[in-house]
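In: After the sequence you'll find the predicted model.
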Amino acid sequence: MSGRATVQFTVNGKHYAADVEPRTTLVDCLRHDLKLTGTHVGCEHGVCGACTVILDGAAVRACLMFAVQAEGADIVTVEGLADGDRLSPLQASFRKHHALQCGFCTPGILTTAHTLLSEEPDADADRIREVLSGNICRCTGYVQIVEAVLDARAAYKQKWAAAL
Amino acid sequence: MKAPRFEYVRPTRLEDAIGFLARHGGDAKAIAGGQSLVPMMAFRLAAPRLLVDIGRIPGLNGIAVDDDGIRLGALVRWRDIERSAELQRAHPLLVEAVRHVAHYQIRNRGTVGGSLAHADPAAEMPGIAVTCDAQIVVVGPRGRRIIAAAEFFAAALSTTLAADELIIEVQLPPWRDNRRWAFEEFARRRGDFALAGVALFYDGGADGTATNIHIGAIGVGDTPVRLTAAESAVEAKRITASIIRDAGAAAAASVKPADDIHAPGEYRRALLGVLTERALARAAGLALREDA
């Protein structure tokens, strides 16, 4: 036990070690220590969803866990979705459908929708809305977000078909 | 806000975790999913000096179903319950209630044991535990003990768990094949804390009578409660529109929710009556005329 702790995990395929206070949340560690500022901080108490990252395959709120709890985890942030400069199918769909305005909530919505479609490529509009109820967007009214996620399903279905 | 400073340990043996809790008394807190504790710390409503991360202790995340009932390890996450085909058969009421827990991302981290220990009066799992006569298995320096759910919740955010004890498992009695059930809750937005909620089940006889009725409510008091007056209105009767109305009225009359920033107490009381009616009608497969 000491005032600081070392935590190691993988983010977007790259190994990182960070020296943090135990009270440092995962999202603050990603942004301040790893300089991965794509993940946004909104409410800091688990209601807005802006900080959603993918931890061992599951969408989680990075403000609702301390970085030390993520020891050994495999993390994907919004920066890990695109293939270099090529937008992922979900990101391309967001662009096509104008599914963002200010963009503050978008990293959390993309990571959430990505895990949803990775696990449930047939998710219908109701299921998408239910899942995205954990992500607050104050600009769009969600209509185009839902349309973008629905439209991106084809790419995830193909991925599933290819994996079988 | 940022959480206050604390020290952090991550034991991999249950006895070590209990040792930390025992040595630090009320200054230490166990954390697993952290979906209730971390916001409490961010608001500085909780300020433990030591966090004991029990998330890596093996053997606490099992789901077991047998003739004696259902056992859920303390580290079972909501997503594990939602995705369990076995639990969908073995305890559909539990699975339906868990679908109402917070949001997708929180259900990916939050745990059964954490929700019980946190004891939010509006939380689903404590409501299911009380409604279904669950037994909560805890261990501490003095060994293991089993606490009935009815004895476990002492007040809002307060339980009879000692500071040096850990929940390791919750046990639910076996589900019967002829069981009818429903879960109804109302929140202003999907995923918000329920303003009120009702869980109920009964065993349906061939002649349509309901026996062994259990009705529990969340969000209408300091702790989840059994609605015994509403149960009496239904037990050993055939469920009809008039029985449903009686049960709803009995439910509403039996609670006295306090006013708070989310709703006046009278609103929650009226809501509980409506939700009780809806849940009974749904369990019985009856259509309810909302204007009746």
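Out: Perfect, I can see it now. Please read these numbers as outputs of a predicted model, since none were measured by experiment. Numbers count the residues shown, from 1 in each chain, chains lettered A, B, ... in the order given.

In: got the residues of the stretch 51-200 of chain B near chain A?
Out: Of all the residues in the stretch 51-200 of chain B, those in contact range of chain A (CB under 8 Å from any CB of the partner chain) are B:51, B:53, B:55, B:79, B:102-106, B:108-109, B:189-191. Glycine gets a C-beta too; all of them are placed from N, C-alpha and C.

In: excluding its backbone neighbours, what's nearest A:Leu116?
Out: Take A:Leu116 and drop its neighbours on the chain: the residue closest to it by CB to CB, 6 or more residues apart in numbering or on different chains is A:Val131, 5.0 Å away.

In: Show me which residues of the host helix or strand of that neighbour are buried.
Out: Here A:Val131, judged by DSSP states H and E, is contained in helix A:125-132. For helix A:125-132, a neighbour-count test (16 or more other CB atoms under 10 Å in any protein chain shown) marks A:128, A:130-132 as buried.

In: coming back round to it: with neighbour count, distance to B:Gly216 and pLDDT as added columns, please give the residues of the stretch 51-200 of chain B next to chain A in a markdown table.
Out: Output for those, formatted as a markdown table (neighbours: other CB atoms under 10 Å in any protein chain shown; distance: CB to CB, whole Å; pLDDT from 0 to 100):
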| residue | neighbour count | distance to B:Gly216 | pLDDT |
| --- | --- | --- | --- |
| B:Leu51 | 26 | 32 | 98 |
| B:Asp53 | 22 | 32 | 98 |
| B:Gly55 | 21 | 29 | 97 |
| B:Arg79 | 18 | 24 | 98 |
| B:Ala102 | 24 | 19 | 96 |
| B:His103 | 25 | 23 | 96 |
| B:Tyr104 | 26 | 25 | 97 |
| B:Gln105 | 30 | 27 | 97 |
| B:Ile106 | 25 | 22 | 97 |
| B:Asn108 | 25 | 26 | 98 |
| B:Arg109 | 26 | 25 | 98 |
| B:Arg189 | 7 | 23 | 88 |
| B:Arg190 | 14 | 22 | 87 |
| B:Gly191 | 19 | 21 | 89 |
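
In: any idea which of the residues you listed is the one closest to chain A?
Out: Chain A lies nearest to B:His103 out of these, by CB to the nearest CB, at 2.8 Å.

In: burial measure for B:Ala148, as a count.
Out: 12 (other CB atoms under 10 Å in any protein chain shown).

In: same question, the one 10 residues further on
Out: The tally of other residues near B:Ser158 (other CB under 10 Å) stands at 12.

In: Quick check, central residue of chain A?
Out: Nearest to the geometric centre of chain A sits A:Thr111, at 2.7 Å (CA atoms, centre = their mean).

In: Surely that one is within a helix?
Out: Yes. Under the criterion used here (DSSP: H, G, I helix; E, B strand; the rest coil), A:Thr111 sits inside a helix.

In: surely it meets A:Val53?
Out: Yes. Judged on CB atoms under 8 Å, A:Thr111 makes contact with A:Val53 at a distance of 5.8 Å.

In: Tell me the residues that contact both of these two, please.
Out: Between them, A:Thr111 and A:Val53 share these contacting residues under CB atoms under 8 Å, 6 or more residues apart in numbering or on different chains: A:59, A:76-78.

In: those helices in the stretch 101-250 of chain B, which residues are they?
Out: B:104-107, B:112-118, B:124-131, B:149-152, B:228-234, B:241-253 (DSSP state H, counting those that start in this stretch).

In: same check, this time on chain A
Out: Along chain A, the segments classed as helices by DSSP state H run A:26-28, A:89-96, A:106-119, A:125-132, A:143-163.
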